[in-house]
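Visitor: please find the sequence and the predicted model below.
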Amino acid sequence: MQYMMFVATDPEAESFVPAEDNIGEWVAEVDARGVHVFGQRLRPVEDATLVRVRSGELLVTDGPFTESKEWIAGFDVLDCRDLDEAIEIASKHPMARFGRIELRPFWPIDAAEDPVAREDREAGDRGRRTEPALGS
Amino acid sequence: MSGIDDRAAHAAPDSAGVGGEVADAGPGAAHVADAVTRVYREEWTRIVASLIRATGDWDLAEEAAADAFERAASRWEVEGVPRNPGAWLTTVARNRALDVLRRRGVEFGKLKEWIAMDELTGGGSPNDPADLAASGPEWDDRLRLIFTCAHPALPLEARVALTLRTVGGLETPEIARAFLVPEATMAQRLVRAKRKIRNAGIPYRVPSATELPERLGGVLAVLMLVHNEGYLASSGDRLLRLDLQEEAIRLTRLVVALIPDAAEARSLLALLLLQHARSAARVDADGELVSLEHQDRSRWNRAEIAEGLALLEVRSPGHEVGPYRVQAEIQAVHARARTAEDTDWRAITDWYDVLLAAGRTPVIELNRAVALGLAGDVEDALAELGRLEASGRLGDAHLLAAAQAELLRRSGRVIEAARRYRTAIEFAPTGPERRFLQRRLAALDPA
């Protein structure tokens, strides 16, 4: 299964100690295990650009980002057996200590079933006998 | 069990004796209902667990198992209870699952392969990744189910609900009633949890040896929550809540049987048994809570106390004393005291010191101070409570005031005690607690 691993800062986390930054070891391990697909650091929010289209009008601005104390500092794409393996990999990343890490499973576009049909089927599941229907 | 077996021995499913069974429909129906209920308790989890392993589909597994039990109820009335009800139910549930998959047009090779493999190996699963001293393949399935339901990536309330539903076999409306949420909310919570298991890739397996201690802690926390929900019967359907305590005990027994090396699981079982043993004495005829001090100890369940104490006698070398162990030891001190006055409060104070060494929390500090006071050291205890009050770390003002009132009352400082009782009553969050404190206040000697 593929996971997007967002590496974020966190003001509540332990303060960063360069000597304890084991990112080199982490990269070596994920490469050796073949679970790492691709990853990059990201420039901080000051260098980010916000793009929106509202009522058909394109809005390009440099924010608002100011309210967030945390920001995404990088990402890695993992290809793991299951969530437990992804958790193990994430827990070894130095930013698990000095920041926080969020694992998001990929949502593949299934050619055989479109997302609307899948939502319908899952909504239908709720009505099955073992689960009382919603809103009843 | 013997009742089912006796009858089954005379009632082969396709024998000519069927007519006799139907003529006996009145008591027979009740007998069958009993048998189904009993088999449900014993077999539900195993059947659901093995179907999840085979299909990877939690809803399908539950639906097929529920269908098998429904069929059992009607078919057994006619055909008699089979010699091996579990095997009968497993076969019917598997066929139902195959049927559903066939109708959905899904490739069901995996399930067929599993059935063939199961028949060859007599119910075995191939190598389990976890290096556990497992007690047999079908136990592995149940253990996987317990750990998956209690996976830390699921929200805590969903873990509790899913464990009760899938491992405990409770119906969704029952769980909703126990947690005082609308049925639709609980159903949605369960649906979301099962969906997250699938979408997030939460594995259906027993954690590896390195993960096990941490993950087992999560499982025990879930079982403790199930029990607490039954223990703190301040509102809702009391009978069901007592059932929840029993359910927690049953599930904890299961974990102890599955992982005999887990000292903390045994300690939790001891804790739950020692608390449950007092159930009959905890509430009076009017439904009011009776404090430990005033309980009729002859109504305590001696068998459960004996079992709880026996569990604590097994000391496992190399295991440090965990929090469930300490809490169970505190309950054991109460259980051993023949009267409230016999309680060894000094021993309880020592156990609270062990808890404090593992991590200070205001509630533990409060309880320790109360134990110290009841052990006879009232002045030191009141000084500790004063420091705790000054620190402002304890959120529950009523607990602190009630503790101070109790110690002041015991040292004869009636006026100060009354003042603290009034504060406690003002902040007490529930009716039974308020009424309990009011009775205490009223009983103060006005002299």
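Guide: Good, I have the coordinates. Numbering: from 1, shown residues only, chains lettered A, B, ... in the order given.
Visitor: sketch out the low-pLDDT regions of the stretch 301-447 of chain B for me.
Guide: Under the criterion pLDDT under 70, the flagged ranges of the stretch 301-447 of chain B are B:316-319, B:445-447.
Visitor: for chain A, same thing?
Guide: Across chain A, residues meeting the criterion (pLDDT under 70) sit at A:64-68, A:110-136.
Visitor: can you pull out the strands in the chain?
Guide: You didn't say which chain, so I picked chain A. In chain order, chain A shows strands spanning A:2-9, A:36-41, A:50-54, A:57-61, A:72-79, A:99-105, with DSSP state E as the criterion.
Visitor: now do the third one against strand A:57-61, angle only.
Guide: Here strand A:50-54 points in a direction 160 degrees away from that of strand A:57-61 (axes from the mean of the first three to the mean of the last three Cα atoms, to 10 degrees).
Visitor: just the residues of chain B that are near chain A, which are they?
Guide: By the rule Cβ under 8 Å from any Cβ of the partner chain, the part of chain B lying against chain A is B:59, B:62-63, B:66, B:151, B:153, B:172-173, B:183-184, B:187-188, B:190-191, B:195, B:199-203, B:205, B:207, B:211. Where you see a C-beta, it was placed from the backbone N, CA and C, and this is true even at glycine.
Visitor: tell me what the lengthiest helix in chain B is packed against?
Guide: The helix that spans the most residues within chain B, counting by DSSP state H, is helix B:25-55. Identification of packing neighbours for helix B:25-55 by 3 or more Cβ pairs under 8 Å, 6 or more residues apart in numbering or on different chains; DSSP states H and E yields helix B:2-10, helix B:58-79, helix B:85-104, helix B:109-121, helix B:137-149.
Visitor: switch to 6 Å and redo it
Guide: Packing partners of helix B:25-55 (3 or more Cβ pairs under 6 Å, 6 or more residues apart in numbering or on different chains; DSSP states H and E): helix B:58-79, helix B:85-104, helix B:109-121, helix B:137-149.
Visitor: list just the one of those helices that sits closest to residue B:271.
Guide: Nearest to residue B:271 among these is helix B:137-149; the distance by Cβ to Cβ comes to 18.4 Å.
Visitor: what is the rounded mean pLDDT of that closest one?
Guide: Averaged across helix B:137-149, the pLDDT comes to 82.
Visitor: angle of it against helix B:58-79?
Guide: Direction vectors for helix B:137-149 and helix B:58-79, defined by the same axes, to 10 degrees, enclose an angle of 130 degrees.
Visitor: please work out which of the helices and strands packed on helix B:25-55 is packed deepest.
Guide: A comparison of these by mean neighbour count, using mean count of other Cβ atoms under 10 Å in any protein chain shown, puts helix B:137-149 on top with a mean of 22.
Visitor: then that one to CSV, C-alphas only?
Guide: Output of helix B:137-149 as CSV, limited to C-alpha atoms (Å, rounded to 0.1, in the frame of the first residue of the first chain):
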residue,chain,number,x,y,z
PRO,B,137,-4.7,-21.6,14.9
GLU,B,138,-8.3,-20.7,15.7
TRP,B,139,-7.1,-18.8,18.7
ASP,B,140,-4.8,-16.8,16.4
ASP,B,141,-7.8,-15.5,14.5
ARG,B,142,-9.4,-14.3,17.7
LEU,B,143,-6.2,-12.7,18.9
ARG,B,144,-5.8,-10.9,15.5
LEU,B,145,-9.4,-9.6,15.8
ILE,B,146,-8.7,-8.2,19.3
PHE,B,147,-5.6,-6.4,18.2
THR,B,148,-7.1,-5.1,15.0
CYS,B,149,-10.2,-3.7,16.9
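Visitor: check which residues of the helix or strand following it are buried.
Guide: Toward the C-terminus, helix B:137-149 is succeeded by helix B:156-162 as the next helix or strand (DSSP states H and E). Of all the residues in helix B:156-162, those buried under the rule 16 or more other Cβ atoms under 10 Å in any protein chain shown are B:158-162.
Visitor: and which of those is nearest residue B:333?
Guide: Compare each of the buried residues of helix B:156-162 with residue B:333 using Cβ to Cβ and the shortest gap goes to residue B:160, at 29.0 Å.
Visitor: just confirm the closest one contacts residue B:223, I think it does.
Guide: No: with contact defined as Cβ atoms under 6 Å, residue B:160 does not reach residue B:223; the gap is 8.9 Å.
Visitor: so what's residue A:21 up against?
Guide: Under the criterion of Cβ atoms under 6 Å, 6 or more residues apart in numbering or on different chains, the contact list for residue A:21 reads residue A:94.
Visitor: and for residue A:60?
Guide: If you count contacts by Cβ under 6 Å, 6+ apart, residue A:60 has them with residue A:51.
Visitor: how close does residue B:263 get to chain A?
Guide: From residue B:263 across to chain A, the span is 24 Å (Cβ to the nearest Cβ, to the nearest Å).
Visitor: ramachandran angles for that residue?
Guide: Main-chain torsions, residue B:263, degrees, to the nearest 10: phi -60, psi -40.
Visitor: so what pLDDT did it get?
Guide: Residue B:263 is assigned a pLDDT of 90 by the prediction.
Visitor: got it, and the one 5 residues further on?
Guide: Note for residue B:268: predicted pLDDT of 96.
Visitor: skipping adjacent residues, who's closest to it in space?
Guide: residue B:324 (4.4 Å; Cβ to Cβ, 6 or more residues apart in numbering or on different chains).
Visitor: same check, this time on residue B:394
Guide: Sequence neighbours aside, residue B:362 is the residue nearest to residue B:394 in space, at 4.0 Å (criterion: Cβ to Cβ, 6+ apart).
Visitor: ok, now residue B:61?
Guide: Here the residue nearest residue B:61, using Cβ to Cβ, 6+ apart, is residue B:51, at 3.6 Å.
Visitor: any idea of the pLDDT on the one you found?
Guide: 92.
Visitor: count the residues that sit near it.
Guide: For residue B:51, the count of nearby residues is 27 (other Cβ atoms under 10 Å in any protein chain shown).
Visitor: what's residue B:150 sitting at in phi/psi?
Guide: phi -100, psi 20.
Visitor: re earlier: residue contacts, the residue nearest to residue B:61?
Guide: The contact partners of residue B:51, taken as Cβ under 6 Å, 6+ apart, are B:61, B:64, B:97.
Visitor: thinking again about what came up before, so for residue B:389, which of the helices and strands packed on helix B:25-55 sits nearest?
Guide: For the helices and strands packed on helix B:25-55, proximity to residue B:389 was assessed by Cβ to Cβ; helix B:137-149 is nearest, at 41.0 Å.
Visitor: tell me what angle that closest one forms with helix B:25-55.
Guide: Using the same axes, to 10 degrees, the interaxial angle of helix B:137-149 with respect to helix B:25-55 works out to 70 degrees.
Visitor: name the helices or strands packed onto helix B:137-149?
Guide: If contacts are counted by 3+ Cβ pairs under 6 Å, 6+ apart, helix B:137-149 sits against helix B:25-55.
Visitor: in the helix it packs on, what counts as buried?
Guide: B:28, B:31-32, B:35-36, B:39-40, B:43-55.
Visitor: go on, stretch B:165-184?
Guide: For stretch B:165-184, a neighbour-count test (16+ other Cβ under 10 Å) marks B:165-170, B:172, B:174-179, B:181, B:183-184 as buried.
Visitor: contact partners for residue B:404?
Guide: Contacts of residue B:404 were listed using Cβ under 6 Å, 6+ apart, and they are B:385, B:420.
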